[in-house]
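Novice: Quick one: sequence plus predicted model below, questions after.
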Amino acid sequence: MVFRQCFCDPYKLTYVSAIFTAIEAVAFGVLNIVLICMHNCTIHPPDELNLSFDWFWAWYFYDPVKCDEQEGFTPPGWLNVTYPIEPRPRVTSVQANYEYQITYLILHFLWFCSAFVLIYGNGRKLWQYYIPWLTISLTLIIMDLVLSSFYIADMVTVSHQGWGYRSAMFWIMAMYWRIFIFWIINLNKFASACNAFFKTIHKRRKQSRVANEQRRAHEVEMAQAVKTAKEEAHAQYRNH
C-alpha cells in the first residue's frame with residue numbers, strides 16, 4: 001500500500017525524479033569530460049579498439065592538430081579513416097561534437113544543482129523552484145532528440161555501405177539518445193514533475209483565493225461591527 005501511494009503521489013515521484021536526475025547528471029557529466037579529453041588528446045588513443053569504437057573515436061572525437069601538439073604522441077593506424085559522407089555535414093563533425101560535449105557538461109552541472117532546488121521547492125510546495133529543473137530537463141530532452149536525428153540521417157545515407165560504417169554512427173546516436181532507455185525515463189520524470197508543478201500552482205492559487213475571501217469577509221465583519229457600534233452610540237446619544 002505504501003509503495004502504491006508513493007507511485008501515485010506526484011510530490012513523492014518528484015523527489016525520485018530529482019534524485020535520479022542528479023545521479024544521471026553526474027554520470028553523463030563524467031562521460032562529457034572523458035569525451036572532451038579524447039578530443040583534446042589528454043587521453044591518448046590506444047593501439048587497438050574493437051566493436052567500431054575505433055571509427056567512433058576517429059570520426060567524432062579525434063583532433064589531429066591537438067594530438068600532434070602532444071609530445072611523443074604517435075597516432076595508431078586505425079585513426080587514418082575517412083568519414084564515409086562527402087561533403088561531411090557540419091552538425092556531425094569533430095568540432096561540432098566537441099561543442100556538444102561542452103554544452104552538455106554545462107547543462108549537466110546546472111541539472112545537478114537544479115535537482116536540489118527542486119527537492120527544496122517540492123518540500124515547501126513553492127512552484128517557482130520547479131522552473132529551473134523543468135527548463136533544463138526539457139532542454140536536454142529536446143537536445144538529445146535533435147542531435148540523435150543528425151546521426152540517424154547519416155546512418156540512412158550510408159545504409160548501402162554495410163553495417164561497419166553504421167555501427168559507429170549507431171554508437172554515437174545511442175549515446176546522445178541516452179541509450180533510449182534513459183531518455184524515456186527522463187521524459188517520464190519530466191511529466192511527473194510537471195504534474196506536481198501544476199498541482200502546486202493550483203494549490204497556491206486556491207490558498208490565495210481562500211485567504212482573499214477570508215480577508216474580505218473579515219473586512220465586511222469589521223465594517224458591520226463599526227457601523228453597529230456607531231448606530232448604538234448614536235441611539236444612546238439620542239436617548240440622553
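Specialist: Cool, the structure landed.

Novice: only C-alpha atoms for contact and neighbour calcs from this point on.
Specialist: Will do.

Novice: Which residues does stretch 119-132 contact?
Specialist: Outside stretch 119-132, the residues that touch it by C-alpha atoms under 8 Å, 6 or more residues apart in numbering are 11, 14-15, 18, 114, 117-118, 193, 196-198, 200-201.

Novice: Name all residues that make contact with Phe20.
Specialist: Counting by C-alpha under 8 Å, 6+ apart, Phe20 has no contacts.

Novice: Would you tell me what helix or strand it is located in?
Specialist: According to DSSP states H and E, Phe20 maps onto helix 10-40.

Novice: Quick one: the contacts of stretch 119-132 as TSV, columns for pLDDT and distance to Trp55 too.
Specialist: Compiled in TSV, these are given as follows (pLDDT from 0 to 100; distance: C-alpha to C-alpha, whole Å):
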residue	pLDDT	distance to Trp55
Tyr11	92	45
Thr14	95	40
Tyr15	95	40
Ala18	97	36
Ser114	98	36
Val117	98	40
Leu118	97	40
Ala193	95	39
Ala196	94	44
Phe197	94	44
Phe198	93	46
Thr200	90	49
Ile201	89	50
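
Novice: Which among those count as buried?
Specialist: Neighbour-count burial (16 or more other C-alpha atoms under 10 Å) is assigned, among the contacts of stretch 119-132, to 11, 14-15, 18, 114, 117-118, 193, 196-197, 200.

Novice: Check the residues you listed and tell me the two furthest apart.
Specialist: Maximum pairwise distance among those (C-alpha to C-alpha): 17.6 Å, between Ser114 and Thr200.

Novice: Between helix 10-40 and the lengthiest helix in the chain, find me the angle.
Specialist: Using DSSP state H to define each element, the chain has its longest helix at helix 181-239. Angle, helix 181-239 to helix 10-40, by axes from the mean of the first three to the mean of the last three C-alpha atoms, to 10 degrees: 140 degrees.

Novice: who does helix 181-239 touch, helix- and strand-wise?
Specialist: Helix 181-239 makes packing contacts with helix 10-40, helix 131-157 when contacts are defined by 3 or more C-alpha pairs under 8 Å, 6 or more residues apart in numbering; DSSP states H and E.

Novice: Out of the ones you listed, which is the most enclosed?
Specialist: For these, the largest average neighbour count (mean count of other C-alpha atoms under 10 Å) is found in helix 10-40, namely a mean of 19.

Novice: which is the next helix or strand following it?
Specialist: Helix 10-40 is succeeded, C-terminally, by helix 53-60 (DSSP H and E).

Novice: which helices and strands sit right next to that next one?
Specialist: helix 94-124, helix 163-176.

Novice: which stretch in these is the model least sure about?
Specialist: Looking at the helices and strands packed on helix 53-60, the lowest mean pLDDT belongs to helix 163-176 (a mean of 83).

Novice: and the most centrally placed residue in the chain, what does it touch?
Specialist: Residue closest to the average C-alpha location in the chain (C-alpha atoms, centre = their mean): Ser137, at 2.6 Å. Residues near Ser137 by C-alpha under 8 Å, 6+ apart: 111, 186, 190.

Novice: Now with 10 Å, please.
Specialist: By C-alpha atoms under 10 Å, 6 or more residues apart in numbering, the contact set of Ser137 is 21, 107-108, 110-111, 114-115, 131, 143, 186-187, 189-190.

Novice: Now do it against Lys189, distance only.
Specialist: Going from Ser137 to Lys189 by C-alpha to C-alpha, to the nearest Å gives 9 Å.
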